[in-house]
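Peer 1: Sequence below, structure please.
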Amino acid sequence: MPLDTASPHIVIVGAGAMGCLFAARLAEQGAQVTLVDVDRARLAVIAADGIALTDDKGTRSVPVGAALAGDVSGPVDLVLLFTKGVHSAAAIALVKHLAQPGTLALTLQNGVGNAELLAEVFAADSVLMGTAHLPADLTGPAAVETHGFAYVTLGGFTPAAQVHADACAHWLSKAGFDAKVADDITATVWDKLAFNAALNAVGMICAVPNAGVDNEHGRRIASSAVRETVAVATARGIALDQAKILATVDSALREHAHHKASMLQDREHGRRTEIDTINGAVAREGARLGVPTPVCDTLTDLVRVIELASA
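Peer 2: Below is the predicted model:
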């Protein structure tokens, strides 16, 4: 398998908080990591100084390769997509020249639909998808901080792709992530979708960290978004554990009170959000399947109003 080597070549697309975190931790363990982005200034800083990684082990500088997509050549063992969902199609197009036999592609992005976009360029049987439950915040152009839990779950986009999941999970585990392979990764992705639908848009609209959602009103909205997502998933034939998802939301509100949802960070930096792949995706699927999603509809519309006002 491609990742069964002592030093696999891994290309991470997207130099945001998650991209920088995974790049630094994988590079620490001996992987040849190249971080790809369109921000030339950030790439220059990373190439010169590495990534300043702060976690429960302390702070250290980790050398990481950084380049524009067109400057990266194969062979590549793994392409890990970590852009915002709204940029997935464009980002995949930039690295399509890396889609060669033996190259795996993995998305751990928020929302749904990203694996399908990867499968249009990379061989579907080489595409993996999954979720990453962990807090990560950029503290500078080449600095990232994370503390506490770091759960990653992945699996094959197709049954044939599932054979590659163990090798990928092995490298993520070496890098300090609690990585597991799921038999039904689609359900896992929808679990995470429900979690993000509960907290991301609310935090962005209200411009508050998790602590600002941790009240009767915020929890009522979050719980309703979870219930709607579970109902849509059920209509698709995907079985979700609603109580478990609500417990995860509760844990995030209590244990990560100061964490800002990624959509709020997007708002603060004037970036487009992933609303179309999270609450917007729930709303679209609900409309298609005849499942009412009034809370997700409203949250999606409010996020779009804010984006239009700041455009």
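Peer 1: Please make it C-alpha for all contacts and neighbour counts, starting now.
Peer 2: Will do.
Peer 1: how about the helix or strand harbouring residue 229: buried residues?
Peer 2: Assigned by DSSP states H and E, residue 229 belongs to helix 216-235. For helix 216-235, a neighbour-count test (16 or more other CA atoms under 10 Å) marks 218-219, 221-233 as buried.
Peer 1: Relative to residue 7, which of the residues you listed is nearest.
Peer 2: Closest approach between these and residue 7, by CA to CA: residue 233, at 39.0 Å.
Peer 1: Next one: that closest one from residue 294, what distance?
Peer 2: Distance from residue 233 to residue 294, counting by CA to CA, to the nearest Å: 16 Å.
Peer 1: Show the contacting residues for residue 257.
Peer 2: Counting by CA atoms under 8 Å, 6 or more residues apart in numbering, residue 257 makes contact with 209-211.
Peer 1: would residue 197 count as being in a helix?
Peer 2: Yes - counting by DSSP: H, G, I helix; E, B strand; the rest coil, one finds residue 197 located in a helix.
Peer 1: need the contact list for it.
Peer 2: With contacts defined as CA under 8 Å, 6+ apart, residue 197 is in contact with 222, 225-226, 229, 278-279, 296.
Peer 1: helices and strands around the helix-or-strand element of the chain with minimal mean pLDDT, which ones?
Peer 2: The weakest-scoring helix or strand in the chain, judged by mean pLDDT, DSSP states H and E, is strand 137-140 (a mean of 89). Secondary-structure packing of strand 137-140 (3 or more CA pairs under 8 Å, 6 or more residues apart in numbering; DSSP states H and E): helix 17-28, strand 143-145.
Peer 1: who touches it?
Peer 2: 16-18, 144-146.
Peer 1: so which strand or helix has residue 83?
Peer 2: Assigned by DSSP H and E, residue 83 belongs to neither a helix nor a strand.
Peer 1: nearest spatial neighbour of it, skipping sequence neighbours?
Peer 2: residue 14 (4.6 Å; CA to CA, 6 or more residues apart in numbering).
Peer 1: The one you found and residue 66: what is the separation?
Peer 2: Here residue 14 is placed at a distance of 11 Å from residue 66 (CA to CA).
Peer 1: before we move on, what about residue 255?
Peer 2: 33 Å.
Peer 1: and what of residue 137?
Peer 2: Separation of residue 137 from residue 66 (CA to CA): 19 Å.
Peer 1: and if you look at residue 31?
Peer 2: Here residue 31 is placed at a distance of 14 Å from residue 66 (CA to CA).
Peer 1: more neighbours, these two?
Peer 2: Ranked by neighbour count (other CA atoms under 10 Å), residue 31 and residue 66 place residue 66 first, with 26 against 21.
Peer 1: So that one sits against residue 41, correct?
Peer 2: No - between residue 66 and residue 41 there is no contact under CA atoms under 8 Å: 10.8 Å.
Peer 1: which residue ranges form the helices in this structure?
Peer 2: Using DSSP state H, the helices of the chain run over residues 17-28, 40-49, 88-94, 114-119, 165-174, 185-206, 210-213, 216-235, 242-255, 262-268, 279-289, 294-310.
Peer 1: May I see these organised as CSV, with mean pLDDT and distance to residue 104 added?
Peer 2: Shown next, in CSV, are those (pLDDT from 0 to 100; distance: least, CA to CA, whole Å):
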stretch, mean pLDDT, distance to residue 104
helix 17-28, 96, 16
helix 40-49, 95, 24
helix 88-94, 96, 13
helix 114-119, 96, 10
helix 165-174, 95, 9
helix 185-206, 96, 17
helix 210-213, 96, 35
helix 216-235, 98, 28
helix 242-255, 94, 30
helix 262-268, 91, 26
helix 279-289, 97, 26
helix 294-310, 96, 33
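Peer 1: quick one: which of these is nearest residue 74?
Peer 2: Closest to residue 74 of these, according to CA to CA: helix 88-94, at 13.6 Å.
Peer 1: got the buried residues for the closest one?
Peer 2: For helix 88-94, burial by neighbour count (16+ other CA under 10 Å) applies to 88, 91-92, 94.
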